[in-house]
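In: Predicted model and sequence follow; I will ask about them next.
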Amino acid sequence: MRHWHKYLIYISFLFLAIALYRADYLKIPEVHSSRVLAASFLFLYAGFIGTAFAWHRMLSETAYPVPITDAVAGIGLSIFSKYIPGKVWMIIGRAAYISHRRKGALSELSMISLSAQLITLWVGLILGAIGLFFVHGSAIWWSLTLGLWVFLSIVLSSRSAQNKVEGVLKALFRKELRLPRLTVHSFLSILPCFIIYWVFWSVGFYLLVLALSPLSVPWATALGFPLAGSLGIMTVFTPGGLGTREGVIVGYLVLAGLAAGDAATIAVSARLWFLLGEALMFLTGLVADASSRNG
């Protein structure tokens, strides 16, 4: 079991293949601008690298400093674990890599990873709410987005709420699990890293829409991606947010002025676009892992 995190990689590939086969997302759309599409991939990849820097910073602020190569490898090698139903493996995967490489406690590292995931969602919902303002989102969209954001704000800032979350986790896993208690200073020092990679992904998504749409779109289109990505992650029982993320993107793009058919095509294409970015990040993780072991 010492190398069990490697089996997690193999299992995640299996569930990824099953999910994509059932969803039939592997379709090549019409491209109106190859240059803009290429630029979108650059921002997409920069966003993935940004997630590794955010993970690295999170570990440093919670007394688990590791080399940046370990953070990149942990993110890259576990990136497909999100497609395993339940979402818990996307949190445990990067923690398991650090636990194995640096002999840290997996339970503690998993709680740090969970806290990082909550911050990711918190930032994504803020950006999504800003986008909803500019595309004139409906009251239902606003209620859902702001309601989830308030809930996450309470969990991240309230010791009482964190104690209750820990109680639920103890009941589920029959083990004492403790979320990291971040100070205001630590939170503010970590926050820019999470904002930056969401911004990179948002710009990449905007460029993707420009490359695939025959019409110009407002800049606020970019902020549909963090909204869709966050809601997709919070849909616990859908692997990788499959279906949920696409549905939110379609609705958001229609609000932004695109025809429903074009919006649906772009939403499906965005999944393939992001999957290619994940594959590139996985390869980057392999390189970083080899570098870390040889260093």
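Out: Thanks, I have it.
In: what's around the residue nearest to residue 37 when sequence neighbours are not counted, how many residues?
Out: Counting by CB to CB, 6 or more residues apart in numbering, the nearest residue to residue 37 once its immediate chain neighbours are dropped is residue 211, at 3.9 Å. The C-beta positions use only the backbone N, C-alpha and C, and glycine is treated the same way. Residue 211 is flanked by 23 other residues according to other CB atoms under 10 Å.
In: Ramachandran angles for residue 211?
Out: With angles defined as degrees, to the nearest 10, residue 211 sits at phi -70, psi -30.
In: Need the pLDDT of it.
Out: pLDDT recorded at residue 211 is 95.
In: wouldn't it be in contact with residue 41 here?
Out: No: the criterion here is CB atoms under 8 Å, and residue 211 misses it with residue 41 at 9.9 Å.
In: all helices for the protein, in order.
Out: Assigned helices in the chain, in chain order: 4-23, 34-61, 68-77, 88-102, 106-135, 139-157, 159-173, 184-212, 224-234, 244-255, 260-294 (criterion: DSSP state H).
In: of those helices, which approaches residue 218 most closely?
Out: Evaluated with CB to CB, the helices of the chain place helix 106-135 nearest to residue 218, the distance being 7.0 Å.
In: tilt between that closest one and helix 88-102?
Out: Angle, helix 106-135 to helix 88-102, by axes from the mean of the first three to the mean of the last three CA atoms, to 10 degrees: 130 degrees.
In: and the angle from helix 106-135 to helix 244-255?
Out: Calculated by the same axes, to 10 degrees, helix 106-135 forms an angle of 20 degrees with helix 244-255.
In: For helix 106-135, which residues meet the burial criterion?
Out: Neighbour-count burial for helix 106-135 flags 106-129, 131-132, 135 (criterion: 16 or more other CB atoms under 10 Å).
In: How about stretch 98-107?
Out: Neighbour counts using 16+ other CB under 10 Å place 98, 99, 100, 101, 104, 106, 107 of stretch 98-107 among the buried residues.
In: go on, stretch 246-258?
Out: Judged by neighbour count (16+ other CB under 10 Å), stretch 246-258 contains these buried residues: 246, 247, 248, 249, 250, 251, 252, 253, 255, 256, 258.
In: Now tabulate those residues in JSON lines and tack on distance to residue 282.
Out: Shown next, in JSON lines, are the buried residues of stretch 246-258 (distance: CB to CB, whole Å):
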{"residue": "246", "distance to residue 282": "22"}
{"residue": "247", "distance to residue 282": "26"}
{"residue": "248", "distance to residue 282": "25"}
{"residue": "249", "distance to residue 282": "23"}
{"residue": "250", "distance to residue 282": "27"}
{"residue": "251", "distance to residue 282": "30"}
{"residue": "252", "distance to residue 282": "28"}
{"residue": "253", "distance to residue 282": "28"}
{"residue": "255", "distance to residue 282": "33"}
{"residue": "256", "distance to residue 282": "31"}
{"residue": "258", "distance to residue 282": "31"}
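In: From those, pick the one nearest residue 155.
Out: Nearest to residue 155 among the buried residues of stretch 246-258: residue 248, at 21.9 Å, using CB to CB.
In: so what's that closest one closest to, chain neighbours aside?
Out: What sits nearest to residue 248 in space, not counting adjacent residues and going by CB to CB, 6+ apart, is residue 228, at 3.8 Å.
In: what about the chain, any weak spots by pLDDT?
Out: Filtered on pLDDT under 70, the chain yields the residue ranges 1-10, 13, 15-28, 85-87, 236-242, 295.
In: repeat that for 50
Out: Counting by pLDDT under 50, the chain shows low-confidence ranges at 1-2.
In: excluding its backbone neighbours, what's nearest residue 56?
Out: In this structure, residue 56 finds its nearest non-sequential neighbour in residue 71, 3.7 Å apart by CB to CB, 6+ apart.
In: typo on my end, it should be residue 77
Out: Once flanking residues are discounted, residue 77 sits nearest to residue 285: 4.3 Å by CB to CB, 6+ apart.
In: if I read this right, that neighbour contacts residue 72, doesn't it?
Out: Yes: judged on CB under 8 Å, residue 285 makes contact with residue 72 at a distance of 6.2 Å.
In: number of nearby residues for residue 190?
Out: As a burial measure, residue 190 scores 20 neighbours (other CB under 10 Å).
In: Tell me how far it lies from residue 126.
Out: Distance, residue 190 to residue 126, by CB to CB, to the nearest Å: 15 Å.
In: Also residue 62?
Out: Using CB to CB, residue 62 is found at 22 Å from residue 126.
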